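> Need coordinates for the below:
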Amino acid sequence: MISTSVIISTYNNPRALERVIERLQTGSRVPDEILIADDGSTPETKMLVESLAADSRVPILHCWHPDKGFRKNRILNACLSLASGEYVVFLDGDCLPHPRCISDHEALAEPGYFVQGRRAFIPETQVMAVLEGTTSIRSLFWRLRLGGMLKAVRLPVPMVARNREMYGLLGCNLAIWRDDLASINGLDEDYEGWGIGEDSDLGARLYNLGRQRKFVHGRALVYHLNHPELPKDHVAASLARLQQTIDNRKIRCVNGLDRHASRPEQAGP
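Numbers count the residues shown, from 1 in each chain. Predicted structure coming up:
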């Protein structure tokens, strides 16, 4: 069995984060460690993580930096610098994993590939009911209330497309070998501001490294808790940076994982 680290990105959403961690702890395969990449949340998130860590079956580490805008790639790299697993699964703190999400990712792991799982969508009107336990994902499915219904079902056999396409590259449900992440210097911290580009850049550099993607339907599922979108002021600049990565066949980013080798960020405010 491979060793697996799960890195969860979060920002001021402790209730959702609690449910994500709970589902990881009760799944068919509990990861070897859980690292929380906290992009500047208030102390409530730190207190939650400390409480969960006290009774956890596996180590839970809280990585935090001050809130200076959307700098998710920076705190993800800080967590990655501390991760001990040979395989890394990235989840978002507003995506509830299927009970077999981690075991599915491990079963799909193969040298030379990274794995892109899909996500179904829980409508905003149902998010609080799901978090409070007054309704369930199963109930929403049977009432046809989930978005992306075809991506909500775990199939008896996964449907896997092996490719090097840019479509569908998302960091909210992504699994990559730790050594491959080190080879490309992790995530590019020059991407700041929520929008399009940072996840695609990671995938593009893995392609340039010579890796391929397993684009998976029917396994390694997550369910996104829908919320209002943030401003996309940085999209144009991010897309331009992404195009440079593609055109120049860049593999390693300049500002990435190696910045954290000697000064990892930990703890909270």
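
> can you pull the pLDDT of the residue of the chain most remote from its centre?
Here the centre of the chain is the reference, and by Cα atoms, centre = their mean the most remote residue is residue 143, at 27.8 Å. Among the per-residue scores, residue 143 holds a pLDDT of 96.

> again with residue 235
81.

> what separates it from residue 242, distance-wise?
Using Cβ to Cβ, to the nearest Å, residue 235 is found at 10 Å from residue 242. Glycine gets a C-beta too; all of them are placed from N, C-alpha and C.

> Next: residue 255.
15 Å.

> Between the two, which has more neighbouring residues?
residue 242 (21 against 16; other Cβ atoms under 10 Å).

> Go through the helix or strand harbouring that one and flag the buried ones.
Using DSSP states H and E, residue 242 sits within helix 235-247. Residues of helix 235-247 classed as buried: 238, 241-242, 245 (neighbour count, 16 or more other Cβ atoms under 10 Å).

> Equivalent analysis for stretch 3-15, please.
Buried residues in stretch 3-15 (16+ other Cβ under 10 Å): 4-11, 13-14.

> next one: stretch 152-168
Those would be 152, 158, 160, for stretch 152-168 by 16+ other Cβ under 10 Å.

> from the chain's centre, how far out does stretch 134-143 sit?
24 Å (Cα atoms, centre = their mean, to the nearest Å).

> how long is that stretch end to end?
Stretch 134-143 has an end-to-end distance of 14 Å (Cα to Cα, to the nearest Å).

> Then stretch 8-18?
End to end - Cα to Cα - stretch 8-18 spans 11 Å.
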